[in-house]
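Undergrad: A predicted structure for the sequence below; I have some questions about it.
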Amino acid sequence: NNNNNNNSSNNSSNNNKKGTVLVFTRKGKSEDGGVTVGNGRIIENLEEILNSLKNKLEDRVILTVNPGMLPHLIQFLLVASADIIVGMHGGALWGASRWTGPTQTIVEILPILGPGDTCQKAKMRGAKYYPIVCNSCRGKNKSGKVDPNLVVETVASALEYPKSIHQTSCSAIPGMTRG
């Protein structure tokens, strides 16, 4: 009988580790079944990044959505239920930062020379914020390949460290100039 209690206890502590990593994409399916793409800023190696996240974070739910294809209420509910939101710099991630709270983290992939104020919005709401500068995200549409190891390390680090020791300064983010 003690073994059953121990197993039950272990299962509940494992459940405490589970949570959702919400990954925003700018690709999706339109009502007619066609693939739609946002106005650039596409993570060209998204599948590789998702596979790396799934391999590293086996106890987490990895959910990929194009928030631009969803009603605001669904966007809000998805963001509110996520531990970490990962996405390319843009309006969807900026909007999501308005709905974050102290137990959440935003990981923003920034195009080179990309401006942004998602950091300030997330921090105003008490959320953690981690930037990743995408050095290959250049040109008119700012799409590119993002280092999957860097994304996985950043997400794992955000899950590991308590908010009290997270000290990212929004003004110290590299690559955050307009040129």
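TA: Yep, that arrived.
Undergrad: any weak-confidence spans in the protein?
TA: Scanning the chain for pLDDT under 70 picks out the ranges 1-18, 28-39, 113-116, 162-168, 171-179.
Undergrad: quick one, strands of it?
TA: When secondary structure is read from DSSP state E, the chain shows strands at 20-24, 27-29, 35-37, 61-65, 84-88, 105-111, 128-134.
Undergrad: deepest-packed of those strands, please.
TA: Of all the strands of the chain, strand 84-88 has the most neighbours on average by mean count of other Cβ atoms under 10 Å, namely a mean of 27. Heads up, the C-betas are built off the backbone N, CA and C, glycines and all.
Undergrad: strands paired with it, and their directions?
TA: Taking DSSP bridges as the criterion, strand 84-88 sits next to strand 20-24 (parallel), strand 105-111 (parallel) in its sheet.
Undergrad: please save the CA atoms from the first one in PDB.
TA: What follows is the C-alpha trace of strand 20-24 in PDB, where atoms were taken according to Å, rounded to 0.1, in the frame of the first residue of the first chain:
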ATOM      1  CA  THR A  20       2.900  24.500 -22.200                       C
ATOM      2  CA  VAL A  21       5.400  26.100 -24.500                       C
ATOM      3  CA  LEU A  22       3.400  28.100 -27.000                       C
ATOM      4  CA  VAL A  23       5.300  28.700 -30.300                       C
ATOM      5  CA  PHE A  24       3.900  31.400 -32.600                       C
END
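Undergrad: quick one: contacts of it?
TA: 46, 49-50, 53, 57, 60-67, 78-79, 81-88, 92-93, 96, 155 (Cβ atoms under 8 Å, 6 or more residues apart in numbering).
Undergrad: could you dump the strands paired with strand 84-88 into TSV and include distance to residue 72?
TA: What follows is the strands paired with strand 84-88, written out as TSV (distance: least, Cβ to Cβ, whole Å):
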stretch	distance to residue 72
strand 20-24	14
strand 105-111	18
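Undergrad: what's the distance between the one residue sitting closest to the centre of the chain and residue 146?
TA: Residue closest to the average C-alpha location in the chain (Cα atoms, centre = their mean): residue 86, at 1.1 Å. From residue 86 over to residue 146 the distance is 10 Å, taken as Cβ to Cβ, to the nearest Å.
Undergrad: and if you look at residue 92?
TA: Applying Cβ to Cβ, the value for residue 92 to residue 146 is 16 Å.
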